[in-house]
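> The sequence and its predicted three-dimensional model are supplied below.
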Amino acid sequence: MAMSEQEIFGKVKETLVEALSVDEEEVKPNATLTGDLGAESIDFLDIVFRLEKAFNIKIPRGELFPDNVLNNPEYVQDGRLTPAGLKTLKERMVHADLTEFEKDPSVSKLAEQFKVQTIVNYVRNKVKG
Amino acid sequence: MEFQSGKRAVAVKNVSLAEEHLHDHWEAYPVMPTCLMIEGMAQTAGILVGQARNFQEKVVLAKIVKAEINDLVVPGDQLKYEAVMENISPEAASTTGTIYRNGQVIGQVDLMFSHVDQNMQGLEFPKENFVFTGSFQRMVEPFLERSDV
């Protein structure tokens, strides 16, 4: 039986509480991983490992949190994503709402796009297959 | 002490008053510093992670996920570090670890390691493996040959 949104959110919350040592109340759908929950780069890998276990899924490198975008000069110029970079990012991050980011695609603001809901969306798509 | 490639490593540390740091920690009542127990687990688990990729990766401790030590360890005690591989990917690995004092569980130390050459930012590090150096590999080789690798 497919998991409900609530069940997915509950497990994601549990995962983030364990990985980031935050309180349950802090894990809200709109909370950003780096800004609100204090995640650092290694935490992203920890989260990936824990999600794989919790949901019994395989998360290929760069699928949940894209890599090889920011270090590609074709995609980043003067600290901002180029149209090509933005296009690639949107293709790779279908689970993220990048509407706000598109208005000002500064690299420094990219981390703010990773929210709790982004993970929930990703997992929902993944468990649906 | 025990080694199963990619799965589990066990190491032993005999705590002795001959160790200088115990004289300062503390002079009147020497106890093994807990940070050194975390270090002991990091070394045990680090070898487990490194060997799983044939010591080709530069394995660095990236995160202490959990560290709970519930009792004191004094000179004369024997510590056993048991590290178990939870997950390993091209970029990183996670381990869980149990610390025993004279056969009794006294703590849990869970860690994450990074394979620094595979970092997501694409940062470059020196080519030479500064973690598992030649002398380190020569030191562990005879031991690993005897183990279940």
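Cool, the structure landed.
> Strands along the chain, start to end?
Defaulting to chain A. With DSSP state E as the criterion, chain A has strands at A:76-77, A:80-81.
> you looked at the wrong chain, it should be chain B
B:2-4, B:8-14, B:59-69, B:78-88, B:92-101, B:104-115.
> Contact partners for the most centrally placed residue in chain A?
Against the mean C-alpha coordinate of chain A, by CA atoms, centre = their mean, the closest residue is residue A:114 at 4.1 Å. Counting by CB atoms under 8 Å, 6 or more residues apart in numbering or on different chains, residue A:114 makes contact with A:32, A:33, A:34, A:39, A:65, A:96. To be clear about C-beta, it is placed using only N, CA and C from the backbone, and glycine gets the same treatment.
> excluding its backbone neighbours, what's nearest the fourth one?
The spatially closest residue to residue A:39, leaving aside those adjacent along the chain, is residue A:33, at 4.2 Å (CB to CB, 6 or more residues apart in numbering or on different chains).
> Now do the contacts for the one you found.
So residue A:33 contacts A:16, A:20, A:39, A:43, A:44, A:47, A:111, A:114, A:115, A:116, A:119 (CB under 8 Å, 6+ apart).
> Lowest-confidence one in these?
Across the contacts of residue A:33, the member with the lowest pLDDT is residue A:111, scoring 82.
> Next up, the contacts around the closest residue to residue A:59 other than its chain neighbours.
Nearest residue to residue A:59, sequence neighbours excluded (CB to CB, 6+ apart): residue A:48, at 5.1 Å. By CB under 8 Å, 6+ apart, the residues touching residue A:48 are A:59, A:64, A:65, B:89.
> residues from chain A in reach of chain B?
For chain A, the residues in contact with chain B (CB under 8 Å from any CB of the partner chain) are A:19, A:41-46, A:48-49, A:52-53, A:61, A:65, A:67-68, A:70-71.
> what sits against residue A:108?
Contacts for residue A:108 were tallied using CB under 8 Å, 6+ apart; they are residue A:79.
> Check what pLDDT it gets.
84.
> so which of the strands of chain A gets nearest residue A:106?
Smallest distance to residue A:106 across the strands of chain A (CB to CB): 5.4 Å, for strand A:80-81.
> contacts for the closest one?
A:69, A:75, A:89, A:105, A:106, A:107, A:110.
> what does stretch A:94-102 give?
For stretch A:94-102, using CB under 8 Å, 6+ apart, the contacting residues are A:64, A:86, A:89-90, A:109-110, A:112-115, A:117-119, A:121-122, A:125.
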